[in-house]
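A.B. asks: Sequence and predicted structure below; questions after.
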Amino acid sequence: MRMRLLFLSLFLLPNIVFADGTLYVAPATGSYQVGQVFNVKVLADSGGDPINAAEAELDFDPTGLAVLSLSTDGSIMSSWPTVPTYSNEDGTIQFSGWAEKKYTGPNGLLITITFKALRMYTANARLAAGAILAADGRESNIITSMKSGAFTIEAPPPLISQTQDSFPTTATTSDVAMQEIGPVQPDAPMLLEYPRTVNVGESIVLKGSADPNTPVTVYSERGDEATDSSHLMTAADGTFTFATDPQTLPGIYSIWAIEERGSMSSEPTRKIIIEVTSPGGLSETAQTAGALAEEVFPYLAVLVLAGLGAAYLMHKHAIERSRLNHLSDTLTHF
């Protein structure tokens, strides 16, 4: 049974697709005040090829943002196998949709999210998972990147009061809703842009976002090998870029990041998976399938030859039996 399953898997490998589809949020950055309501759109870039379906899962920190509503007005999707839903308790948004008409372009609106800013914070809307299906009859997943968003939540404007002399005075800090006092664990950084695959000889390059001017440690490992770490400092806008040395070995790489702030560290980001392949060659999965084919095909050839031999012997036996029956009938007649 195992050999049969392995053989079938050789013919069920995903189709190789060369289109570049992208899921992204817009705006990707912005500054808002505590209590302010703002919209964020989730869009699809078809990469120049027609598409007819998309799905996504977004994560956000429910201590910094709250979803007020999700809208599909103006969406390129016309039906929803998974109706857009959200949880302000878990900090998640999910949906999947189909388009009645094929869409080609860079700004295909999927849904619109209405957020409310809850506290002073660098709040993220991170695309955790997604897919874009090409309208090629095979529904090939053409997504190659996902671009998330990071939003700065600032204090509300100070309260203004009037004295008896009508001179305006600024309210003290105690009059304004401020974030909690004391050390706060930094929020996990976001890995915004990264490739799904790279070739041997190329570097793995990814872009991320965390608090401005803050140390970030990026970890990477290949399979079960030892973990490497790189220490970076974010820019004034909170962005950072991580790049490995040119890769020398194919394989599956896991990468994640942690923000450091004094003696406190953030929770790690989710691990992203990047596959390093040989230039012009097959991926590790396809190479494994090829190796399996080399092992399985000789057995299949033996089985096929054995079947043909058995069929030939049965056919020959049937002919001999027919001849004997005919001879017997002839002798009986005489």
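C.D. replies: Sure, I can see it. Note that the coordinates shown come from a computational prediction; the quantities given were computed from them, not determined experimentally.

A.B. asks: Helices along the stretch 201-334 of the chain, start to end?
C.D. replies: Under the criterion DSSP state H, counting those that start in this stretch, helices of the stretch 201-334 of the chain are mapped to 284-333.

A.B. asks: Quick check: which ranges of it have low pLDDT?
C.D. replies: Where the stretch 201-334 of the chain drops to pLDDT under 70, the residues are 280-302, 304-306, 309-310, 312-313, 315-334.

A.B. asks: again, 50 this time
C.D. replies: Flagging of the stretch 201-334 of the chain using pLDDT under 50 yields the residue ranges 334.

A.B. asks: per-domain residue ranges of this structure.
C.D. replies: 13-157, 187-281, 282-334 (automatic domain parsing).

A.B. asks: Quickly compare those and say which is most buried.
C.D. replies: Most buried of the domains of the chain, by mean neighbour count (mean count of other CB atoms under 10 Å): domain 13-157, with a mean of 18. Backbone N, C-alpha and C define where each C-beta goes, glycine included.

A.B. asks: roughly how far out does that domain sit from the chain middle?
C.D. replies: Centroid displacement of domain 13-157 relative to its chain, using CA atoms, centre = their mean, to the nearest Å, is 12 Å.

A.B. asks: average model confidence for it?
C.D. replies: Throughout domain 13-157, pLDDT has a mean value of 89.

A.B. asks: I'd like to know how far Ala43 sits from Ala26.
C.D. replies: Residue 43: Leu, not Ala. According to CB to CB, to the nearest Å, Leu43 stands 6 Å off from Ala26.

A.B. asks: Same question for Asn141.
C.D. replies: Remark: distance between Asn141 and Ala26 (CB to CB) = 22 Å.

A.B. asks: Over to Gln33?
C.D. replies: 20 Å.

A.B. asks: Ser79 now?
C.D. replies: 24 Å.

A.B. asks: Likewise for Gly108?
C.D. replies: Note on Gly108: its distance to Ala26, by CB to CB, is 11 Å.

A.B. asks: Quickly list what's touching both of these two.
C.D. replies: Common neighbours of Gly108 and Ala26, counting by CB atoms under 8 Å, 6 or more residues apart in numbering, are Leu43.

A.B. asks: Could you list everything the nearest residue to Asp228 once chain neighbours are set aside pairs with in the sheet?
C.D. replies: Nearest non-adjacent residue to Asp228, counting by CB to CB, 6 or more residues apart in numbering: Ser220, 5.2 Å away. Beta bridges link Ser220 to Asp228, Ile255 when assigned by DSSP bridges.

A.B. asks: CA atoms of the lengthiest strand in the chain as CSV?
C.D. replies: Longest strand of the chain, by residue count under DSSP state E: strand 121-134. Extracted C-alpha coordinates of strand 121-134, given in CSV (Å, rounded to 0.1, in the frame of the first residue of the first chain):
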residue,chain,number,x,y,z
TYR,A,121,0.9,51.6,20.4
THR,A,122,2.6,50.4,17.2
ALA,A,123,-0.3,48.2,16.0
ASN,A,124,0.1,45.6,13.3
ALA,A,125,-2.3,44.1,10.8
ARG,A,126,-0.3,41.1,9.7
LEU,A,127,-1.2,38.7,6.8
ALA,A,128,-0.5,35.3,8.4
ALA,A,129,-1.7,33.1,5.6
GLY,A,130,-3.2,33.5,2.1
ALA,A,131,-3.7,32.3,-1.4
ILE,A,132,-4.5,33.7,-4.8
LEU,A,133,-5.9,31.2,-7.4
ALA,A,134,-5.2,31.7,-11.1
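
A.B. asks: so who does Pro268 touch?
C.D. replies: Here Pro268 is in contact with Ala188, Tyr219, Trp256, Ala257, Ile258 (CB under 8 Å, 6+ apart).

A.B. asks: Just list the residues touching the residue positioned nearest the centre of the chain, thanks.
C.D. replies: Central residue of the chain (CA atoms, centre = their mean): Ala129, 3.7 Å from the mean position. By CB under 8 Å, 6+ apart, Ala129 lies in contact with Ala56, Glu57.
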